[in-house]
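Asks: Quick one, what's the 3D model for this:
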Amino acid sequence: MDPNCPPIVECKASVRQTCWAENQTELVMAANALMENCETDPTITVDDGLACLDHPGVVAEMGARILYVLTGRDGLGWRSAGYNELSFHVDKQNWLRYLADQSRNGEQ
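Replies: Residues are numbered from 1 along each chain as shown. From the prediction side, this is the model:
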């Protein structure tokens, strides 16, 4: 992990805060740290990716990337959006439906 990034536990708390009018940079850094470490740190979970989706823009995109990597959805993983001509989903409700379907099918 980059020594300039805050600890993962702080990043997880940061993305769950609801008021980010003052420090967007901190929020982006926290989401980025979670995204960059989601494959190697088992404490980073699907719930962390979902929490990022509560924020607009690049933070939601990082949350979606966490979810794609952790779930294997559409085979995207780290590949660029559109690589396999499938949509890149940043909508939380879409992800919740996907995760519920996977749970019902016993694939999650």
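Asks: Packing partners of the host helix or strand of residue 35?
Replies: Per DSSP states H and E, residue 35 falls inside helix 24-37. In terms of contacts (3 or more C-beta pairs under 8 Å, 6 or more residues apart in numbering; DSSP states H and E), helix 24-37 is packed against helix 8-15, helix 46-52, helix 58-71. For the C-beta atoms, the positions are set from N, CA and C on the backbone; glycine is no exception.
Asks: Same list, those, but as CSV with mean neighbour count and distance to residue 34 please.
Replies: Compiled in CSV, the helices and strands packed on helix 24-37 are given as follows (neighbours: other C-beta atoms under 10 Å; distance: least, C-beta to C-beta, whole Å):
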stretch, mean neighbour count, distance to residue 34
helix 8-15, 18, 5
helix 46-52, 21, 5
helix 58-71, 22, 6
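Asks: Any chance of TSV for those, columns distance to residue 28 and mean pLDDT?
Replies: Output for these, formatted as TSV (distance: least, C-beta to C-beta, whole Å; pLDDT from 0 to 100):
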stretch	distance to residue 28	mean pLDDT
helix 8-15	10	94
helix 46-52	10	97
helix 58-71	6	94
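Asks: Kindly reformat those helices as a markdown table containing distance to residue 100.
Replies: What follows is those, written out as a markdown table (distance: least, C-beta to C-beta, whole Å):
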| stretch | distance to residue 100 |
| --- | --- |
| helix 8-15 | 22 |
| helix 46-52 | 12 |
| helix 58-71 | 12 |
